[in-house]
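Novice: need coordinates for the following:
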Amino acid sequence: MRYGKRLMFALLVLGLPVPAAAQTIADSLSAAGRTIDWSGAGVIGGIPNRTNICTTLGVGTSAAAINSAIAACSNGVVLLSAGTYTLSSGITFRGANNVTLRGAGPDQTTVKFTGRDSCGGLFADVCMHGPSDIWSGNVPASTTRNWTAGHEKGMTKITLDSAAGLSVGQVVVLDQRDDASDTRGVFVSGSRSCSQEGNPAGRSGRAQQQYTQVTAISGNQVTISPGVYMVNWRPSQQPQLWWWGATATMNGVEAMTLDHSASPATTGIGFQNAYNCWVKNVKSLNANRNHVWLNQAARIEVRDSYFFGTRNAASQSYGVELFGTGDDLIVNNIFQHVTAPIMTGNSSGVVVAYNFMTDMYYTVSNWMMAGLQGSHDAGTGMNLVEGNVGNAFLMDNYHGTGNLITVFRNRLMGTEGSKGSNTTPINLFGYNRFVNIVGNVLGTSGYHQTYEYSQASSAGSTDRSIYVLGYSGVGNSSTAGLPYDSLVLSTLVRWGNFDFATSQSQWKSSELPSGLTAPTSQALPPSLFLASRPAWWGTTPWPAIGPDVSGGPDGAGHVHKIPAQACYEGTRTNGDGTLAFNAKACYADTAALLAPPSAPTNLNVR
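Specialist: Numbers count the residues shown, from 1 in each chain. The predicted structure follows:
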């Protein structure tokens, strides 16, 4: 019996009071219903390492031949040998399941596109599309059911007016009507009264969505996994369940370079009516609107990849665009010369973690800094942004309101090159509420001078503030014509963030909203979705970022390089400015690295 257990036993025998366990911020957030279990994000069970080679194709193979090989493959790999392939049309997985398209490595196999696949309107160079053509704009009554009971957060058994047509394994979407007016709490609306442009993704007027899967049916009671995420599902909003039918599942693209420079496609890799699919160890060059588009798809995993450039470097110039999705995992990627590496629309249960973002080139206004977009459409909620290194985290309201996002252990500099506008590490527009900002390292020494800019405490320059809160434009509400929203600040959780404006970590109960139990400990978990150091992490300290981290080269000692940053800085650059990238040269995957790290010794526990 360990010392702690012996002490507890002695106290109980003597009838003495047993000290209560220290409550951490993770405990407080969970108790308040502000977080979920993110450990299952991405492909269920992980991406399979398939070894069954269905077909090996060589240089000169046409897109039609590749597509035929994909259609004929069953639970195996279509292998593209080393070399450069020029395709006059797109690659499609339509109707295929359980197929991996794999190259010899992104430094050996290159696919150049001069044509595209229609991909159900996404117009993609590589298309992961299920057989069904149902989408949120044409959902028929035959695949729609009223959700009558089981609306509470965490529920896995829900009741419908009818379960006819449903089957175990079916991917379904939960949604409900937008709020007609401001609830002054969790508020979901794409109305022009609270957004700059309106028209969020999803069924019209029903922006809040959750993607889940049927695991059992008993009469009109349906068991789903995962269970209900959000706290605001309720009968008054006429919640419903709908489905699109046949789904593309367990398909992946791996180990190749995709060059979109000469393609007429809108997107590089498009996922629609897809579930449990992935992109891994891919180098993607010069996409149009986005490199990866998740549209009416869920449990998509984008990992260990490198994304360079967008052709417009302006509006709609994204890395991974989340556009009607859920439970995705975007992890350990490099984004270089991409205007907005992550663009988050309607989504829930998504994890964006350990990505390195640099040179967010923006030609429309090269003086203005872009950033990681945490909420762009109404209907975002219960997403996690963890361990990323980039310039900023932004939640705008162009297409509606946002709620319940957790930003944990990120390094956000708030600067990039000579850009002088919007240089704010954390910028939350009006109507983005119940945000959790915990354990981050924010700002740049010598540049950021003001801790917070809001109507409640406005001082200094917005461009040199660590936080800009509640406004609906760059710097002030008049830019967008929307009023200042005081609830952004009053519902915000800030705890344990180090900033370079004050040069200290902030552990203030005054920065916690009313109703949230104040932590009695400053201890932070290493991760909010990983149980231990991942196998691909390498030798860099774990965790790499946070107020409890020491010895880092960032000036305050709280930041070490994440693996994607080390890969970026340690990989040779080609003559065109891109990396000679191959994830296998950067990231370890050996059992020796699974040993847990030593317990941190610099936690200041109250």
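Novice: contacts and neighbour counts: CA atoms only from here.
Specialist: OK.
Novice: tell me where the stretch 1-150 of the chain is predicted with low confidence.
Specialist: Low-confidence segments of the stretch 1-150 of the chain, defined by pLDDT under 70: 1-20.
Novice: ok, the residue nearest the centre of the chain - contacts?
Specialist: Nearest to the geometric centre of the chain sits residue 352, at 3.3 Å (CA atoms, centre = their mean). Applying CA atoms under 8 Å, 6 or more residues apart in numbering to residue 352 gives the contacts 329, 330, 331, 384, 385, 386, 388.
Novice: filter these down to just the ones in helices.
Specialist: The helices, defined by DSSP state H, take in nothing from those.
Novice: from those residues, pick the one nearest residue 244.
Specialist: residue 329 (22.3 Å; CA to CA).
Novice: and the closest one, how many neighbours does it have?
Specialist: By other CA atoms under 10 Å, the residues close to residue 329 number 25.
Novice: repeat that for residue 30.
Specialist: Residue 30 has 12 nearby residues by other CA under 10 Å.
Novice: thinking it is in contact with residue 37, fair?
Specialist: No - look at residue 30 against residue 37 with CA atoms under 8 Å: they stay out of range, at 9.2 Å.
Novice: residues touching residue 194, list them.
Specialist: 397, 400, 401, 431, 482.
Novice: of the residues you listed, buried ones?
Specialist: 397, 400, 401, 431, 482 (16 or more other CA atoms under 10 Å).
Novice: tell me the secondary structure for residue 566?
Specialist: helix (DSSP: H, G, I helix; E, B strand; the rest coil).
Novice: same thing with residue 64?
Specialist: helix.
Novice: okay, it and residue 88: tell me how far apart.
Specialist: Per CA to CA, to the nearest Å, residue 64 is found 9 Å from residue 88.
Novice: skip the chain neighbours and tell me the closest residue to residue 410.
Specialist: By the measure of CA to CA, 6 or more residues apart in numbering, the closest residue to residue 410 outside its immediate chain neighbours is residue 387, 4.3 Å from it.
Novice: surely the one you found meets residue 438?
Specialist: No - between residue 387 and residue 438 there is no contact under CA under 8 Å: 11.0 Å.
Novice: now do the shared contacts for those two.
Specialist: Residues touching both residue 387 and residue 438 (CA under 8 Å, 6+ apart) are 408, 409.
Novice: neighbour count for these two, which is higher?
Specialist: Neighbour count, other CA under 10 Å: between residue 387 and residue 438, residue 387 has more, with 28 against 25.
Novice: what's the nearest residue to residue 235 once chain neighbours are set aside in contact with, if anything?
Specialist: Sequence neighbours aside, residue 148 is the residue nearest to residue 235 in space, at 7.0 Å (criterion: CA to CA, 6+ apart). For residue 148, the contacting residues are 158, 159, 160, 161, 235, 239, by CA under 8 Å, 6+ apart.
Novice: let's see if you can find the most crowded of the residues you listed.
Specialist: Each of the contacts of residue 148 was scored by neighbours using other CA under 10 Å; the highest score is residue 239's, at 22 neighbours.
Novice: what are the phi and psi values at that one?
Specialist: phi -60, psi 140 (degrees, to the nearest 10).
Novice: quick one: it and residue 179 touch, right?
Specialist: No - the criterion here is CA under 8 Å, and residue 239 misses it with residue 179 at 11.9 Å.
Novice: re earlier: the residue nearest to residue 235: which element?
Specialist: Assigned by DSSP states H and E, residue 148 belongs to strand 144-149.
Novice: what lines up beside the next helix or strand after that strand in the sheet?
Specialist: Once the chain leaves strand 144-149, the next helix or strand it forms, by DSSP H and E, is strand 157-160. Partners of strand 157-160 in the sheet, by DSSP bridges, are strand 144-149 (antiparallel), strand 221-225 (antiparallel).
Novice: sheet-wise, list the partners of the next helix or strand along the chain from strand 157-160 with their directions.
Specialist: Downstream of strand 157-160, the first helix or strand assigned by DSSP H and E is strand 171-175. Its sheet considered, strand 171-175 pairs with strand 209-218 (antiparallel), strand 240-242 (antiparallel) by DSSP bridges.
Novice: turn those into JSON lines, columns for mean neighbour count and mean pLDDT.
Specialist: Formatted as JSON lines, those follow (neighbours: other CA atoms under 10 Å; pLDDT from 0 to 100):
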{"stretch": "strand 209-218", "mean neighbour count": "21", "mean pLDDT": "98"}
{"stretch": "strand 240-242", "mean neighbour count": "21", "mean pLDDT": "98"}
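Novice: between those, which gets nearest to residue 537?
Specialist: With CA to CA as the measure, strand 209-218 is the member of the strands paired with strand 171-175 nearest residue 537 (29.6 Å).
Novice: what does that closest one rub up against?
Specialist: For strand 209-218, contacts defined as CA under 8 Å, 6+ apart pick out 163, 167-176, 202, 222-229, 298, 324-327, 346-348, 379.
Novice: quick check: longest strand of this protein.
Specialist: In the chain, assigned by DSSP state E, the strand with the most residues is strand 267-287.
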